[in-house]
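>>> Pasting the sequence and the predicted model now:
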Amino acid sequence: MVQADISQLSTECNGWRDTLRSYRDEFTLFKKHLLEAAGHQLSKDQLQDVDQFHIQLINIHDLKQAIKSHDRKVNYELATNNSQLTDETLSTHELIFEQYTGLEHTLQELRQNFNHFLQKLHVTV
């Protein structure tokens with residue numbers, strides 16, 4: 001087992017979940033605005049964009065749940081292992097951080113593409 005600053009890990013988990021909540025809210029609005037901007041007749045590309053928002057919203061949800069579960073495990077180990085974490089828990093934390101940063105990069109790229117799309121339509125969000 002490894003001694004770790006568990007409060008820092010828990011704080012990171014909470015920060016990640018807060019950021020993902022913000023992305024979820026933002027991308028839900030993006031999806032709504034895309035549907036409104038495109039009207040009822042969507043092109044194949046526009047349908048793919050809507051699908052991409054839907055997929056990323058699922059990814060956000062799944063990662064939030066993984067973070068929540070991991071945070072519970074961290075807090076459980078805090079209570080039962082004299083404030084020590086197993087190597088497995090620390091590895092899981094690093095893996096979740098990698099997943100979080102990868103998803104965040106994807107979401108920022110999608111946001112940029114969506115804003116570019118709206119600029120072409122002369123629409124602002």
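Thanks, I have it.
>>> Please point out which parts of whatever helix or strand L110 lives in sit buried.
Assigned by DSSP states H and E, L110 belongs to helix 87-121. Along helix 87-121, these residues count as buried under the neighbour rule (16 or more other CB atoms under 10 Å): 89, 92-93, 96, 99-100, 103-104, 107, 110, 114, 117-118. For the C-beta atoms, the positions are set from N, CA and C on the backbone; glycine is no exception.
>>> Who are the packing partners of it?
Applying 3 or more CB pairs under 8 Å, 6 or more residues apart in numbering; DSSP states H and E, we find helix 87-121 packed against helix 6-38, helix 44-80.
>>> Now mean pLDDT and mean neighbour count too, for those, in a markdown table please.
Below are those laid out as a markdown table (pLDDT from 0 to 100; neighbours: other CB atoms under 10 Å):
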| stretch | mean pLDDT | mean neighbour count |
| --- | --- | --- |
| helix 6-38 | 88 | 16 |
| helix 44-80 | 89 | 15 |
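>>> Can you give the contact residues for stretch 105-115?
Y23, E26, F27, F30, L34, D49, Q52, F53, Q56, N59, I60, V125 (CB atoms under 8 Å, 6 or more residues apart in numbering).
>>> quick one: average confidence on that stretch?
On average, the pLDDT along stretch 105-115 is 91.
>>> Alpha carbons of that stretch, as CSV, please.
Provided in CSV are the C-alpha atoms of stretch 105-115 (Å, rounded to 0.1, in the frame of the first residue of the first chain):
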residue,chain,number,x,y,z
HIS,A,105,-9.5,17.1,-25.6
THR,A,106,-12.2,15.5,-27.8
LEU,A,107,-14.8,17.8,-26.3
GLN,A,108,-12.8,20.9,-26.9
GLU,A,109,-12.2,19.9,-30.5
LEU,A,110,-15.9,19.2,-30.9
ARG,A,111,-16.8,22.6,-29.4
GLN,A,112,-14.4,24.3,-31.8
ASN,A,113,-15.9,22.5,-34.8
PHE,A,114,-19.4,23.4,-33.6
ASN,A,115,-18.6,27.1,-33.1
